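# got a predicted model here, sequence first, then my questions.
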Amino acid sequence: AIGSLVNLKQLILDQIQLTGTIPYSIGNLRQLNRLVFSHVRLSGTIPETVNNLVNLKRLTLRHNELTGTIPGSIGNLGKLEILDCSHAKLNGPIPTTISSLNDLK
């Protein structure tokens with residue numbers, strides 16, 4: 001399972017035939033600095049376990065079928081520089097915790 005790749009630094013899945021949801025075990029990948037799920041038709045919500053990805057600098061979830069809101073725990077990703085959720089079906093307010101992300105561009 002993907003959650004067992006604990007030393008993985010980058011996970012980039014772009015324009016491939018992938019469906020399903022983002023697994024909760026994604027939070028086990030604490031060494032990740034880049035997570036890209038782009039044009040892969042993921043559905044469901046962004047799991048709260050993304051708050052475990054403390055080394056993440058880039059989170060790209062664009063062009064997916066993701067629904068729900070951006071979790072408030074996104075504010076725990078202190079190294080995050082890029083957050084791209086464009087062309088997803090997310091709704092609701094942008095979490096106020098995002099203001100604590102000083103490196104966000």
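Arrived safely.
# so how far does stretch 46-63 reach from one end to the other?
One end of stretch 46-63 to the other measures 14 Å (C-alpha to C-alpha, to the nearest Å).
# whoops, I mixed them up, stretch 81-101
OK, stretch 81-101 end separation, C-alpha to C-alpha: 8 Å.
# now do stretch 78-97
End to end - C-alpha to C-alpha - stretch 78-97 spans 11 Å.
# tell me the pLDDT at the residue of the chain positioned farthest from its centre?
Residue farthest from the centre of the chain, counting by C-alpha atoms, centre = their mean, is Gln17 at 18.5 Å. Looking at Gln17, its pLDDT is 83.
# distance of it from Arg30?
28 Å (C-beta to C-beta, to the nearest Å). Yep, even glycine has a C-beta here, placed from its N, CA and C like the rest.
# who's in contact with the closest residue to Asn7 other than its chain neighbours?
Leaving aside its chain neighbours, Asn7 sits nearest to Gln31 (5.5 Å; criterion: C-beta to C-beta, 6 or more residues apart in numbering). Gln31 sits next to Val6, Asn7, Leu8, Lys9, Asn55 when contact means C-beta atoms under 8 Å, 6 or more residues apart in numbering.
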